[in-house]
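# Dropping a prediction and its sequence here:
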Amino acid sequence: MKRKPRIYVIKLNRKLILALLGSIIFLVIIISFFSNSKSRSIFKYNSNGVIVVDPGHGGIDGGTSDKDGLLEKDINLDTSLYLKQELIKEGFNIVMTREADESLEDFSSINASRYRRDLNARKTIINKNKPVAFISIHVNSSKNPSARGIQVYYHPNSSESEKLAKSICDSIDVNVYKNFLKEDLKSTYLPYDYFILRETECVGVLVEIGFITNLEDKALLKNDKYKEKVAYSIRKGVGKWLE
Ligand SMILES: [Zn+2]
């Protein structure tokens, strides 16, 4: 004999429904309040954990230089390779736009100058990998020989990139200037409409690690310990930004 399934009808009155809804909303607010900052970093780590490191220039394009043949492209690559090692220690997956002394125009098919094609290839690598962030490494120069120090650039439309730039500067001030050089120097973070910052679809900064036109900075740019310290500081700045 088939038994008819019993149907239980719970009579809910209005007050009960409102009370239930109220407590659900309250719980959601409490949970999101306490998990907000952490979940953001976990999300970023879990997205794919990729950071793109972009050593500026390369190959035919030496970047800025001094009269003795010191070339920006080589300093950028040295520092970027240190940065790769540091960020691996932090648990990131690293994509490099270049790991050798080469320019990247052959990886772009747009109809433009060699310089534009090189930049376009870098942009494509960054966007294709959908990284947590990208970091371009460069060396500065100035007509004013007393201009020195590290500058970190971010795009004016990206508040998250500004936060990353500030975090990297804070780390550089402590780890490079105060602890390594024992000097009371300060790095600066500035908005700028660079192609690589404007055309990329993720958080990113461009770090100018010193002025080749300043004698003290130039000595540092030739010093492997300095480049290692800069790389370590950028790693610490990225870690802090994600917290
Ligand atoms: Zn450069």
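Good, I have the coordinates.

# Quick check: bridge partners of the residue in the chain positioned nearest to the ion?
Using C-beta to the ion, His138 is the residue of the chain that sits closest to the ion, at 3.5 Å. All C-beta spots, glycine's among them, are computed from the backbone N, C-alpha and C. His138 forms beta bridges with Glu208, as assigned by DSSP bridges.

# The nearest residue to Tyr194 once chain neighbours are set aside is in what secondary structure piece?
Spatial nearest neighbour of Tyr194, chain neighbours left out: Leu206 (5.8 Å); criterion: C-beta to C-beta, 6 or more residues apart in numbering. Taking DSSP states H and E as the definition, Leu206 sits inside strand 204-211.

# Now find how far off-centre that strand is within its chain.
Centre-to-centre, strand 204-211 and its host chain are 11 Å apart (C-alpha atoms, centre = their mean, to the nearest Å).

# Is the ion within reach of that strand?
No: Strand 204-211 does not reach the ion (C-beta under 5 Å from the ion); its nearest approach is 7.5 Å.

# Which residues does that strand contact?
By C-beta atoms under 8 Å, 6 or more residues apart in numbering, the surrounding residues in contact with strand 204-211 are 56, 75, 79, 126, 133-142, 147-155, 158, 161, 164-165, 168, 192, 194, 196-197, 217-218, 220-221, 227, 230, 234.

# contacting residues for Gly58?
So Gly58 contacts 73, 76-77, 98, 100-104 (C-beta under 8 Å, 6+ apart).

# Across the sheet, point out what pairs with it.
With DSSP bridges as the criterion, Gly58 is bridged to Asp61.

# circling back: what's the following helix or strand after the strand holding Leu206?
The helix or strand immediately downstream of strand 204-211 is helix 215-221, counting by DSSP H and E.

# Show the average pLDDT along that next one.
Helix 215-221 carries an average pLDDT of 98.

# Quick check: the gap between the residue nearest to Arg148 when sequence neighbours are not counted and Asp68.
Closest residue to Arg148 apart from its sequence neighbours, by C-beta to C-beta, 6+ apart: Asn214 at 4.0 Å. Asn214 sits 15 Å away from Asp68, taking C-beta to C-beta, to the nearest Å as the criterion.

# Looking only at neighbour counts, state which of those two leads.
Higher neighbour count among Asn214 and Asp68: Asn214, with 20 against 6, using other C-beta atoms under 10 Å.

# can you pull the contacts of the more buried one?
Asn214 neighbours (C-beta under 8 Å, 6+ apart): 142, 145-148.

# Generate a PyMOL selection restricted to the buried subset of these.
Restricted to buried positions by 16 or more other C-beta atoms under 10 Å, the PyMOL selection for those reads:
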select buried, resi 148
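
# Would you map the helices across the protein?
Counting by DSSP state H, the segments of the chain that form helices are 14-47, 72-89, 114-129, 159-172, 195-198, 215-221, 224-242.

# mean pLDDT lowest for which of the ones you listed?
Minimum mean pLDDT among those: helix 14-47, a mean of 62.

# Which residues of the protein lie near the ion?
56, 63, 138.

# Return the member of the residues you listed nearest to Arg117.
Gly56 (15.0 Å; C-beta to C-beta).

# From Cys169, how far off is the nearest residue to the closest one once chain neighbours are set aside?
Among residues not flanking Gly56 along the chain, His138 sits closest, at 4.2 Å (C-beta to C-beta, 6+ apart). Look at His138 and Cys169: by C-beta to C-beta, they are 15 Å apart.

# If you count surrounding residues, which of the two has more?
For His138 versus Cys169, neighbours defined as other C-beta under 10 Å are more numerous around His138 (25 against 22).

# ok, now how distant is Lys225 from Gly149?
Lys225 is 18 Å from Gly149, by C-beta to C-beta.

# Thanks a lot, see you next time.
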